[in-house]
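# Everything below, folded, please.
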Amino acid sequence: MERRMVVAHATCPARMVPSGTPTTIPAGSFVTINQALGGNYTVTLNGNMLRVDGTDAAALGLEAEDIEFEQRSDGLVHEDQIRQALRTIYDPEIPINLLDLGLIYGIDIDNNAVKIRMTLTAPTCGMGPVLISDVKYRVAKVPNVESVEVELVFDPPWSRDMMTEEAQLEAGLFF
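Down below sits the predicted model:
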């Protein structure tokens, strides 16, 4: 995507980069779109870098990403829907979703509370807080989820062997 400026049509939720702290972009603000990757946007507002979820893109006059989940009448949180949400979150530097990258180590569901154990491709990844906030934001959209906790772990250390074969092919890692 070519870098361009847009005007926010409505107040837009965003997260600060790299801290992941929630904030908002006021309606009428001039925003520079720096990157569009994995359905999310990295933008600049008043010198601050922000991450806008693709599901909120319409507030910036962009096509919003629509994540739809099958409605089930049992009132439960379903792991397959959590996985569906996680497949919509992409590493900011590698255009592969977190699940196929092998960054998700575990999903625990207790009533309507979800706990996710995940790692990063490198312990010093500066985008870690943003990825954690992406996971919390998207998983919270799953029906019946009342809370999302993300635990960042580094044992075992991530390696490319944790990627699905499809992700390795997409990244050009199969020889």
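
# Just checking the distance from the top helix by length along the chain to the centre of its chain.
Looking across the chain with DSSP state H, the single longest helix is helix 128-139. When C-alpha coordinates are averaged (C-alpha atoms, centre = their mean, to the nearest Å), helix 128-139 and its chain have centres 5 Å apart.

# Name the residues that touch that helix?
15, 17-20, 22, 40, 51, 53, 55, 67, 82, 85-86, 88-89, 91-92, 98, 103, 114, 116, 118, 120, 125, 145, 148, 150, 152 (C-beta atoms under 8 Å, 6 or more residues apart in numbering). Glycine gets a C-beta too; all of them are placed from N, C-alpha and C.

# in it, what counts as buried?
Gly128, Pro129, Val130, Leu131, Ile132, Ser133, Asp134, Val135, Lys136, Tyr137, Arg138, Val139 (16 or more other C-beta atoms under 10 Å).

# cool, stretch 17-36 as well?
By 16+ other C-beta under 10 Å, the buried positions in stretch 17-36 come out as Val17, Pro18, Gly20, Ile25, Ser29, Val31, Ile33, Ala36.

# any idea of the mean pLDDT in that stretch?
Averaging pLDDT along stretch 17-36 yields 92.

# Just the CA coordinates for it, please, in PDB.
In PDB, the C-alpha atoms belonging to stretch 17-36 read as follows (Å, rounded to 0.1, in the frame of the first residue of the first chain):
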ATOM      1  CA  VAL A  17       2.900   1.500  18.900                       C
ATOM      2  CA  PRO A  18       4.900  -0.100  20.500                       C
ATOM      3  CA  SER A  19       3.200   0.000  23.900                       C
ATOM      4  CA  GLY A  20      -0.200  -1.300  22.700                       C
ATOM      5  CA  THR A  21      -2.000   1.300  25.000                       C
ATOM      6  CA  PRO A  22      -5.600   1.900  23.800                       C
ATOM      7  CA  THR A  23      -6.300   5.400  22.500                       C
ATOM      8  CA  THR A  24      -8.700   7.000  20.000                       C
ATOM      9  CA  ILE A  25      -8.300   9.000  16.800                       C
ATOM     10  CA  PRO A  26     -10.800  11.900  16.900                       C
ATOM     11  CA  ALA A  27     -13.200  12.400  14.000                       C
ATOM     12  CA  GLY A  28     -11.900  15.000  11.600                       C
ATOM     13  CA  SER A  29      -8.200  14.200  12.300                       C
ATOM     14  CA  PHE A  30      -5.700  13.900   9.500                       C
ATOM     15  CA  VAL A  31      -4.000  10.500   9.600                       C
ATOM     16  CA  THR A  32      -1.100   9.200   7.500                       C
ATOM     17  CA  ILE A  33      -1.500   5.500   6.600                       C
ATOM     18  CA  ASN A  34       2.000   4.100   6.700                       C
ATOM     19  CA  GLN A  35       1.300   0.400   6.300                       C
ATOM     20  CA  ALA A  36      -1.600  -2.000   5.700                       C
END
